[in-house]
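>>> Predicted model follows, preceded by the sequence.
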Amino acid sequence: MSTLNVSNISDGTTSVGTGYVVNGSAKAWVNLNQVGTISIFDSFNVSGITDSGTGLTDIGLSSSMSNTGFALSITRQDTSVNNDSTGFDGLNQKTVSNIRFVSIENATLSDSNNAHCIVQGDLA
């Protein structure tokens, strides 16, 4: 395996420091369906998902994060949902290699047919 060491990347007009590219890029993301047989529409750095009950999905990361201080952006997008919200289970369910996705509709755990999770931070 070769290593390329550069300070900046340029398209010929604009240059950007490689630190912005490396540090600012999503380290993992997934677009998934929790309804019925759960499935992944598309993903990056996700080893798989596990149905952990209504509205609960465990997301496994292929490459672990360096610590549990990473940032998450979690959303759900349904056409007929009111007062929906998402998050992660803060009760020891966020580790360097796994996230518990929690999907709620009208204050009740509810599966979503179009849920998203993006992970930002440092890989191990």
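It's in.

>>> Hmm, V16 is touching V6, no?
No - contact criterion C-beta atoms under 8 Å: V16 and V6 do not qualify, at 11.0 Å. Every C-beta, even on glycine, is put in place using the N, C-alpha and C of the backbone.

>>> Neighbour count for the two, which is higher?
For V16 and V6, the more surrounded residue by other C-beta atoms under 10 Å is V16, and the numbers stand at 12 against 8.

>>> Which residues are in contact with the more buried one?
Applying C-beta atoms under 8 Å, 6 or more residues apart in numbering to V16 gives the contacts 8-10.

>>> Redo these as JSON lines? Include distance to F101, secondary structure and neighbour count.
Formatted as JSON lines, the contacts of V16 follow (distance: C-beta to C-beta, whole Å; DSSP: H, G, I helix; E, B strand; the rest coil; neighbours: other C-beta atoms under 10 Å):
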{"residue": "N8", "distance to F101": "37", "secondary structure": "strand", "neighbour count": "12"}
{"residue": "I9", "distance to F101": "33", "secondary structure": "strand", "neighbour count": "12"}
{"residue": "S10", "distance to F101": "38", "secondary structure": "strand", "neighbour count": "9"}
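
>>> Closest one of the residues you listed to N106?
Set against N106, the nearest of those by C-beta to C-beta is I9 (46.1 Å).
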